[in-house]
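>>> just need the structure, nothing else, for what follows:
(one chain, ligands or ions: 1)
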Amino acid sequence: MALRYQVIFGDAQHMPELSDESVHLVITSPPYFNAPFDYPDLFPSYKAYLQMMEKVAQELFRVLAPGRVACIVCDDVLVDGKRYPIVADLTRLFLDVGFRYRDRLVWLKPEGYIRISRRSGVVLQQPYPLYFYPDNVQESVLIFQKGRFDYRSVPKEVKEASRLDLREFQEKKWYLNVWSITNVLPLPQRLEEGVAAFPEELVRRLLLLFSHVEEVVLDPFLGSGTTMKVARQWRRSCIGYEIDLELMPIIRAKTGMETASLLDDAQWEILVRDDARHLRTWLSDRIKQRRSAARNAERKTGKS
Ligand SMILES: C[S@@+](CC[C@H](N)C(=O)[O-])C[C@H]1O[C@@H](n2cnc3c(N)ncnc32)[C@H](O)[C@@H]1O
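Sure thing, here's the model as predicted:
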């Protein structure tokens, strides 16, 4: 069977290209509300963000085959000192749409990677009670399931072709609900610059644990195309939605679409819908403004 890779530039709140129950696994990481250094002012309000996520969740429930799983990588977000309970709110929202709450994994990042600022530094200035704000080194992987899976529905040869490597499972401690995985380092000039990409290793584990070979994986927030790249490596088909047309060259390069040859057994397709937008240039201008405001504020505090 030929594997298919389809990128649809458009809003994931509507997935008319996908028929009911046609997808076997969802792996995604939604935009982090209005995170100051990723998506400043992208949504007019938190309510608007949750309404968008509710529509996406409804579409995911519709297109997922019975018993299949949606993995949502997310974290609470701090915007201007206010904490938004995204993990709790998305859990409630997916339950209300009809999913079962199957599990929550913690993705633990190395301690050296602490984005934006060391909040715990406040205690070093003020070593007294109530000044404590921890540094964040984790994200949640919420795992939702559409009903229960019929294990007898999978042909024996497909099961065997999808067999897990138990040595790796034991040695790398996949069996725990805390996974230590290095994040994509925010190096300048890297392909995923400004995309908040998740690591391939996180996707690889979820993909191998929750899908069989030649099944269809969907990422409704494709970003740089990590899910599609890993799906290709592990013989799964993949469909990705991405609203930002400016990511097209990055997705083409990262997924291997650019270099795919005619002899390749895979089918590649890009569809551009009318609701696709141009976001990156607009976002990166706003991020630069935020960074320079933060630097100025730090300088002023340093002088006082
Ligand atoms: C956190 S990033 C995903 C990064 C991705 N996991 C990767 O590894 O590169 C979220 C992506 O969702 C896209 N996005 C935001 N709103 C969207 C929408 N309504 N429909 C489709 N994509 C959207 C953003 O442009 C962004 O690229």
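
>>> report the contact partners of the residue of the stretch 151-300 of the chain found nearest the ligand.
Proximity of the stretch 151-300 of the chain to the ligand (C-beta to the nearest ligand atom) peaks at Gly223, 2.4 Å away. Where C-beta positions appear, they are placed from N, C-alpha and C, glycine not excepted. Applying C-beta atoms under 8 Å, 6 or more residues apart in numbering to Gly223 gives the contacts 29, 192, 195-197, 242, 247.

>>> so which of those are in strands?
Secondary structure from DSSP state E places Glu242 of the contacts of Gly223 in strands.

>>> coming back round to it: and the residue of the stretch 151-300 of the chain closest to the ligand, that's in a helix?
No - applying DSSP: H, G, I helix; E, B strand; the rest coil, one finds Gly223 to be coil, outside a helix.

>>> Glu201 contacts Ile181, correct?
Yes - counting by C-beta atoms under 8 Å, Glu201 touches Ile181, with 5.0 Å between them.

>>> by pLDDT, give me the weakest of the contacts of Gly223.
In this model, the minimum pLDDT among these belongs to Glu192 (77).

>>> who in this protein is up against the ligand?
11-13, 29, 31, 52, 192, 195-198, 221, 223-224, 226, 241-244, 279 (C-beta under 6 Å from any ligand atom).

>>> gap between Glu59 and the ligand?
Applying C-beta to the nearest ligand atom, to the nearest Å, the value for Glu59 to the ligand is 10 Å.

>>> can you tell me the SS state at the nearest residue to that residue once chain neighbours are set aside?
Nearest non-adjacent residue to Glu59, counting by C-beta to C-beta, 6 or more residues apart in numbering: Met15, 4.7 Å away. Judged by three-state DSSP, the three-state class of Met15 is coil.

>>> on that earlier part again, farthest pair within the contacts of Gly223?
Ser29 and Leu247 (14.1 Å; C-beta to C-beta).

>>> thinking again about what came up before, who wins for neighbours among the contacts of Gly223?
Among the contacts of Gly223, the one with the most neighbours (other C-beta atoms under 10 Å) is Glu242, at 27 neighbours.

>>> what bridges to Val106?
Legend: beta-bridge partners of Val106 under DSSP bridges are Ser140, Val178.

>>> distance of it from the ligand?
From Val106 over to the ligand (counting by C-beta to the nearest ligand atom), the distance is 18 Å.

>>> equivalent analysis for Arg118, please.
Noted for Arg118: a distance of 23 Å to the ligand, by C-beta to the nearest ligand atom.

>>> can you check Asp89 too?
According to C-beta to the nearest ligand atom, Asp89 and the ligand sit 16 Å apart.

>>> on the three-state scheme, that residue is what?
Strictly by three-state DSSP, Asp89 counts as helix.

>>> got the contact list for the residue nearest to Glu59?
Applying C-beta under 8 Å, 6+ apart, the residues contacting Met15 are 8, 59, 62-63, 220, 241.

>>> now Arg163
Contacts of Arg163 by C-beta under 8 Å, 6+ apart: none found.

>>> that one falls within a strand, correct?
No - assessed with three-state DSSP, Arg163 is coil; it does not lie in a strand.
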